[in-house]
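*Asks:* Kindly generate the corresponding structure for this input.
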Amino acid sequence: MPRYAAIRTAALAVVLFATHAAAVAAVRLCKPTVDGGFVTGNTEMGARKAALDGWKAKALAHGEEYASWRLAADKFLHCLPGKSGGYECIARAAPCTIDQAPARRELRSKRLGI
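*Replies:* Prediction:
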């Protein structure tokens, strides 16, 4: 039983120390939704890639940091068989980037003008 108490005390100390450290947070900043338009391809995979490339080309208007489909919000990528063969796809999403949240001290100094 004394061994269990020692482990529990050590675990508690780690938790208290970890919660005392300053937290750093990141925020996702998004722009309005971008539509890549309908694209066609011989294969579904090719049409998907072309749709994502079209979306990325338009998202780049907001800057390189916004051109990641992985970070985008409200993603929509849909493909259908084309009427004359192949596939038609469309990609639509809000381009986003990740930014570090400023420390509270920075926010306070900006608010107070110091």
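*Asks:* what residues does the helix or strand harbouring A57 touch?
*Replies:* For A57, the element it lies in under DSSP states H and E is helix 44-59. Residues from elsewhere that reach helix 44-59 (CB atoms under 8 Å, 6 or more residues apart in numbering): 31, 34-37, 39-41, 66-67, 69, 72, 77, 79, 86-93, 95. All C-beta atoms are positioned from the backbone trio N, CA, C, and that covers glycine.
*Asks:* Please apply the same query to stretch 65-72.
*Replies:* Residues outside stretch 65-72 that contact it (CB under 8 Å, 6+ apart) are 28, 30-31, 52, 55-56, 59-60, 75, 91, 93-98.
*Asks:* Spell out which two among those are the most distant pair, please.
*Replies:* Farthest pair in the contacts of stretch 65-72 (CB to CB) is A91 and I98. Separation: 20.4 Å.
*Asks:* Settle it for me: which of the two has more neighbours?
*Replies:* A count of neighbours by other CB atoms under 10 Å puts A91 above the other of A91 and I98, at 28 against 11.
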